[in-house]
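J.: Need coordinates for the following:
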Amino acid sequence: ANLFLVMVAIYLVAYSPIFFGKGAMTQAPQPFTAVPEAVDFTAVYEQGFIDLGNGESATFADFKGKPFVLNFWATWCAPCLKELPSLETLHKSGRVNVVTLSLDRFADPETILNFAVQRAGVEMLPLYWDNTGQINRTLKPKGLPLTLFINEQGQAIGAYEGDYDWSGFSYEPSSLSSNK
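T.: The predicted structure is shown next:
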């Protein structure tokens, strides 16, 4: 019995930063990493997708000349649901353009919009859809959500994989390089 109590005490001391909210687990993640090698943004730059706000076709080239945050998400992705409201807050702040692209393959525009508005609670966030699945097939993201940081020249210069609270985020393309 004493050995068991000693083992429990060692376990609690060793893992107390995780359980009691101290240490690295409570730190905000560093949002800028290198763009994953598998993600070749230039390969999809001219590929079309649908603007769910007006139903018209768009491409990433439509955003060239302005830096933007590009977020890939899907209606079946729980972390995406958690992240969308903070992306809307970032968008409404005016600090950076935000482009959210749904990679849903088996959904229609109404389902995607309903998900974003009713389940995630977003109303002002620009929503787009990879209606052909071509962008998803080309980029092959390992997981969602995936956020890329695009500079004025239309190059992906940074990435963040996973959900993040973007509410207070400030995007400065000049502070990033494609080698980070």
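
J.: got any ranges where this protein has weak pLDDT?
T.: Within the chain, the ranges that satisfy pLDDT under 70 run 1-39, 173-180.

J.: quick one, strands of it?
T.: 49-51, 57-58, 68-73, 97-102, 127-129, 146-150, 156-161 (DSSP state E).

J.: Serialize those to CSV and add fields for distance to P85.
T.: C-betas here are computed from N, CA, C, even on glycine. Formatted as CSV, those follow (distance: least, Cβ to Cβ, whole Å):
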stretch, distance to P85
strand 49-51, 20
strand 57-58, 23
strand 68-73, 12
strand 97-102, 12
strand 127-129, 13
strand 146-150, 15
strand 156-161, 17
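
J.: For A43, find the nearest of those.
T.: Closest of the strands of the chain to A43 is strand 156-161, at 10.6 Å (criterion: Cβ to Cβ).

J.: I'd like to check the angle between that closest one and strand 68-73, please.
T.: Counting by axes from the mean of the first three to the mean of the last three Cα atoms, to 10 degrees, strand 156-161 lies at 40 degrees to strand 68-73.

J.: what are the ranges of the helices in the chain?
T.: All helices of the chain, identified by DSSP state H, fall at 2-19, 78-93, 109-114, 134-139.

J.: Compare the strands of the chain and give me the one nearest L113.
T.: For L113, the closest of these is strand 127-129, at 6.7 Å, according to Cβ to Cβ.

J.: Sheet partners, orientation included, of that closest one?
T.: Using DSSP bridges, strand 127-129 pairs in its sheet with strand 49-51 (antiparallel), strand 97-102 (parallel).

J.: Would you mind finding the most buried of these?
T.: strand 97-102 (a mean of 24; mean count of other Cβ atoms under 10 Å).

J.: C-alpha coordinates for that strand, PDB please?
T.: Extracted in PDB, the C-alpha atoms of strand 97-102 (Å, rounded to 0.1, in the frame of the first residue of the first chain):
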ATOM      1  CA  ASN A  97      -8.300  39.700 -44.300                       C
ATOM      2  CA  VAL A  98      -9.500  36.200 -43.300                       C
ATOM      3  CA  VAL A  99     -10.500  33.600 -45.900                       C
ATOM      4  CA  THR A 100     -12.100  30.400 -44.600                       C
ATOM      5  CA  LEU A 101     -12.300  27.500 -47.100                       C
ATOM      6  CA  SER A 102     -14.500  24.600 -46.300                       C
END
